[in-house]
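# What shape does this take:
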Amino acid sequence: MTRPEQRHEQRPAQRPEQRPEPGLAQGWCALSALHDRIEAHIERALQAAHALSVREFSVLEVLSRQHDGDGGHVRMNELADAVVLSQSATTRLVNRLEDRGLLTRYLCPTDRRGIYTDVTDAGRRLLDEARPTNDAALREALDDAERRPELAPLVAAVRTLNPEHA
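Have a look, this model is predicted:
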């Protein structure tokens, strides 16, 4: 005959560090929701006013900060990291922007294997026109999100990153 404690499988005791942290998961969900709301709001504004996506705006913004000094040019893998896309998606996006006359590519003068991508005059004009739209849409999205109790602390944290807000 089996002993009573042998009839039931014993579960190993869960150590505290193995238990899920509901606060951490809720925080991540709130952060993800905030990001999605902001990105969707900015996307609609940029598309309506400038026929530009958030990612296209980001690529133009990153590439517009390049300079001719040491380390002044952004490589495609660095650009992909900066705009949070795969290298192949970044290449396709750069191709589309080049086809629209917003970017140009040229050989690196010191290393003929390297290809630089630069913002054209038309790309700079569009970026200059789109920046106020982007900024206004960001402020609107943050103001809207701030009204939601689960997002308000994150909005406050984002606002502290703005030196003009401090």
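# just checking, what packs against the top helix by length along the chain?
Within the chain, and with DSSP state H defining each element, the longest helix by residue count is helix 22-50. Packing partners of helix 22-50 (3 or more C-beta pairs under 8 Å, 6 or more residues apart in numbering; DSSP states H and E): helix 54-64, helix 121-146, helix 152-160. To be clear about C-beta, it is placed using only N, CA and C from the backbone, and glycine gets the same treatment.
# Residue 145 and residue 123: what is the separation?
30 Å (C-beta to C-beta, to the nearest Å).
# Would you convert the helices and strands packed on helix 22-50 into CSV that also reports mean pLDDT and mean neighbour count?
As requested, these are arranged in CSV below (pLDDT from 0 to 100; neighbours: other C-beta atoms under 10 Å):
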stretch, mean pLDDT, mean neighbour count
helix 54-64, 97, 20
helix 121-146, 98, 16
helix 152-160, 95, 14
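# Reformat those helices as CSV; add distance to residue 96.
Shown next, in CSV, are the helices and strands packed on helix 22-50 (distance: least, C-beta to C-beta, whole Å):
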stretch, distance to residue 96
helix 54-64, 8
helix 121-146, 12
helix 152-160, 30
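# what's the closest of those to residue 74?
helix 54-64 (6.2 Å; C-beta to C-beta).
# What are the contacting residues of the closest one?
Residues external to helix 54-64 that are found in contact with it (C-beta atoms under 8 Å, 6 or more residues apart in numbering): 39, 42-43, 46, 52, 74, 79, 82-83, 85, 90, 93-94, 96-97, 102-103, 117-119, 123-124, 126-127, 130, 134.
# Tell me which helix or strand in the chain has the weakest average pLDDT.
Ranking every helix and strand in the chain by mean pLDDT, DSSP states H and E puts helix 4-7 at the bottom, with a mean of 52.
# roughly how far apart are residue 81 and residue 115?
Taken as C-beta to C-beta, the span from residue 81 to residue 115 is 18 Å.
# Sweet, I'm off.
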